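*Asks:* sequence and computational prediction follow.
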Amino acid sequence: MILELDCGNSFIKWRVIHAADATIVGGGIVDSDQALVAEVSALASLRLSGCRIVSVRSEEETAALCALIRQAFSVVARVAEPAQQMAGVRNGYEDYQRLGMDRWLAALGAFHLAKGACLVIDLGTAAKSDFIAADGEHLGGYICPGMPLMRSQLRTHTRRIRYDDASAVRALTSLAPGRSTVEAVERGCVLMLQGFAHTQLEQARALWGENFTVFLTGGDAPLVREAAPTARVVPDLVFVGLAMACPLD
Ligand SMILES: Nc1ncnc2c1ncn2[C@@H]1O[C@H](COP(=O)(O)OP(=O)(O)OP(=O)(O)O)[C@@H](O)[C@H]1O
Ligand SMILES: CC(C)(CO)[C@@H](O)C(=O)NCCC(=O)O
Ligand SMILES: [K+]
């Protein structure tokens, strides 16, 4: 079994797959290294032979996580590293090492699945997009605040925007103009995300006409599902790319 980790800025997504056929044994989302070890350890019949990690955290934090994994599960974690090109995709950044590894791996995964031009929209703590042309050239992308950042900026920098998480969830049963603060903020931020998705689709159409595949991933992908009806929702897109960048046998 292989432990796969996607360390984002707020959460760690994990899953355990069988090494032979990649079938999924278990998975989840946690908010700390300790919670990760606890959840993975709780898997019945866990027998890890390897681990691969993609991280957008600092080198120190990533190294600490690798040390913890080694201690808890006696496996050496393999960390995905930046590359100028891989699996037919050419990194489009001026300095390829600066491109976020989550974005790079999602791009690899998307190009592998689409076998042609593709647009990746990843909605997490940050919202980001990446464009990959049919010949594998990564054209670059965009980074914006995602739902959690937009929300917390409004809450932090205003006196009178205050509400709890439960009312935030309730507010999203509709996107009609808000009649309370929580509705106005939550719906406003969702419309911002949808606007972001729309703009990316327009850019892709300007580049490639109708000949491209759209991938939607990240924890807040469901919020723009209707704004991008043609998109393929692939929650584990980063893991697809991670397996390509870090093969284990
Ligand atoms: N089960 C879940 N646990 C945590 N967050 C979730 C869950 N389901 C959906 N979400 C939403 O997903 C968002 C976080 O997305 P994601 O996990 O992709 O972020 P991240 O990987 O930490 O961020 P980034 O990819 O930008 O570094 C939050 O806004 C949260 O509301
Ligand atoms: C944009 C984030 C924070 C999204 O997780 C990550 O991809 C990252 O830290 N990227 C480095 C900056 C860049 O991609 O240009
Ligand atoms: K991420």
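*Replies:* Ah, there it is. Ligands and ions are numbered 1, 2, ... in the order given.

*Asks:* what sits against the spatially most central residue of the chain?
*Replies:* Among the residues of the chain, the one closest to the centroid is residue 218, at 4.1 Å (C-alpha atoms, centre = their mean). Residues near residue 218 by C-beta atoms under 8 Å, 6 or more residues apart in numbering: 121, 122, 123, 124, 127, 146. Using the backbone N, CA and C atoms, a C-beta is placed for each residue, glycine as well.

*Asks:* for this structure, longest helix please?
*Replies:* Assignment by DSSP state H gives helix 181-208 as the longest helix of the chain.

*Asks:* tabulate the CA atom coordinates of the following helix or strand past that one in CSV.
*Replies:* Tracing the chain C-terminally past helix 181-208 and defining elements by DSSP states H and E, one meets strand 213-217 next. Only the C-alpha atoms of strand 213-217 are listed here, as CSV (Å, rounded to 0.1, in the frame of the first residue of the first chain):
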residue,chain,number,x,y,z
THR,A,213,-11.0,20.0,-21.8
VAL,A,214,-11.9,21.8,-18.5
PHE,A,215,-10.9,20.2,-15.2
LEU,A,216,-12.4,21.4,-11.9
THR,A,217,-10.7,20.4,-8.6
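
*Asks:* tell me what strand 213-217 is packed against?
*Replies:* helix 101-114, strand 118-123, helix 181-208, strand 232-233, helix 237-245 (3 or more C-beta pairs under 8 Å, 6 or more residues apart in numbering; DSSP states H and E).

*Asks:* distance check, residue 108 against residue 182.
*Replies:* 39 Å (C-beta to C-beta, to the nearest Å).

*Asks:* higher neighbour count, the two?
*Replies:* Just comparing residue 108 and residue 182: by other C-beta atoms under 10 Å the higher neighbour count belongs to residue 108, 28 against 20.

*Asks:* please look at the more buried one and residue 91 and confirm they touch.
*Replies:* No: checked against C-beta atoms under 8 Å, the pair residue 108 and residue 91 is beyond contact range at 9.9 Å.

*Asks:* stretch 210-229 and ligand 2, are they touching?
*Replies:* No: figure legend: stretch 210-229 not in contact with ligand 2 (C-beta under 6 Å from any ligand atom); closest approach 8.9 Å.
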